[in-house]
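A.B. asks: coords please:
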Amino acid sequence: MHNFLNRGRMNSFVMQPMYHPSSVVFVDDSADFLSGLQGVFRDRELNRFFTEPGAALDFMRSQNRGVPQARIAGVDYSQVEKGGANAFGRDALIDDARFEEVAAVVVDYEMPNLDGVRFLSSITDAACTRILLTGAAGDRQAVNAFNAGLIDFYLRKSDAAMPEKLASMLAKAKKKHCQLRGCIGVHDVGATYCDPRVVQLLDEWVETGRCVEYYWRPEQNAVLMFDAQGAPSVFVAWDADEWTFQCDTAADAAAPDWLQRGLRERRMMPLFWPDEAYRPGIEAVRTAEPVPVPDWEGAFYCVSRLEAAEVGVAVVSFAAWRERRRARGIECGVAEGV
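C.D. replies: Next up is the predicted model:
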């Protein structure tokens, strides 16, 4: 835990970065068109395809569609201020159902009985991105729906670049979905990770396939990441204030001279996991070479591998979740209902 008074920072609350795979619902009465989309969006465990809008609507109504709210006021605010906790709010990492959350709905405008605009009008309380696909007709209705706030995007099916544009929209939708669900750090703990320059680094790890999910951990003030095989690693970022905090903590705790010297000279970034900083009695300290955070003088980051047993909480990674679903024979194909 942080002793935030040692930081000399003002008290504040910051939403922490988080990213994990999430689900998308596709609705179109044409099974052939959905089969084509399935060839582009191949993840059979995450994506759900419906030819029957009524079944899709029933599915959406069965979901917990709102954004988890973490509100504090009055006595709750006082308790957070006085307490030693580094964060409050929902910890998505321990929620095994997080991958089944619907980040976006993609629906065709021209469907019998229930057109796409009416469908999306029925799920306006859903905390997800709503995308409308139009054919030969429907452009005017799409514009009206967009202006009314019923949809977030619309695309013409006839657009040759539609698959690429849709993929880009869905990537942004999934990122937005997770941004709204991170826990909230208090006393400025974790502020470094909220900086856009650090968030960009984390997103680059996802985009380049080096990890598929990441979560800020309040106890360690670090980001826990998992790759596609479920192997864990830790991303640590320190700005100038954090370097000072780590150096002072190591000195106060009589850390070995080589460690104190390496910290002062910015030659190494130790990994104190499962602790946040050095404490007396630590037998072994892993270190990594600091890498400068682009465009941020004095800020550095590093990534260190963890053993699965070191994670410290009962976590189901995306790789483990997917393996469980495959073992149970669960996948989402083109059907009236899934």
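
A.B. asks: mind listing the helices in the stretch 151-300 of the chain by residue range?
C.D. replies: All helices of the stretch 151-300 of the chain, identified by DSSP state H, counting those that start in this stretch, fall at 162-179, 191-194, 196-207, 240-252, 257-264.

A.B. asks: Out of the ones you listed, which one sits most buried?
C.D. replies: helix 191-194 (a mean of 20; mean count of other Cβ atoms under 10 Å). Where C-beta positions appear, they are placed from N, C-alpha and C, glycine not excepted.

A.B. asks: looking just at contacts, which helices and strands does that one meet?
C.D. replies: Counting contacts by 3 or more Cβ pairs under 8 Å, 6 or more residues apart in numbering; DSSP states H and E, helix 191-194 is packed against strand 13-15, helix 196-207, strand 232-238.

A.B. asks: And the helices of the stretch 151-300 of the chain, which one averages the lowest pLDDT?
C.D. replies: Of all these, the minimum mean pLDDT falls on helix 191-194 (a mean of 90).

A.B. asks: Using CSV, lay out the helices and strands packed on helix 191-194 together with distance to F300.
C.D. replies: Converted to CSV, the helices and strands packed on helix 191-194 look like this (distance: least, Cβ to Cβ, whole Å):
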stretch, distance to F300
strand 13-15, 20
helix 196-207, 11
strand 232-238, 6
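
A.B. asks: Determine which of these approaches P21 most closely.
C.D. replies: Closest approach to P21 among those is made by helix 196-207 (9.6 Å; Cβ to Cβ).

A.B. asks: The closest one versus helix 162-179: what angle between them?
C.D. replies: Angle, helix 196-207 to helix 162-179, by axes from the mean of the first three to the mean of the last three Cα atoms, to 10 degrees: 130 degrees.

A.B. asks: what comes into contact with helix 196-207?
C.D. replies: With Cβ atoms under 8 Å, 6 or more residues apart in numbering as the test, helix 196-207 has contacts from 17, 19, 175, 192-193, 211-214, 223, 225, 235, 237, 293-296, 299, 301, 303.

A.B. asks: Restricted to buried residues, select those in ChimeraX.
C.D. replies: Of those, the buried ones go into a single ChimeraX selection, burial set by 16 or more other Cβ atoms under 10 Å:
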select :17,19,175,192,193,211,212,213,214,223,225,235,237,293,296,299,301,303
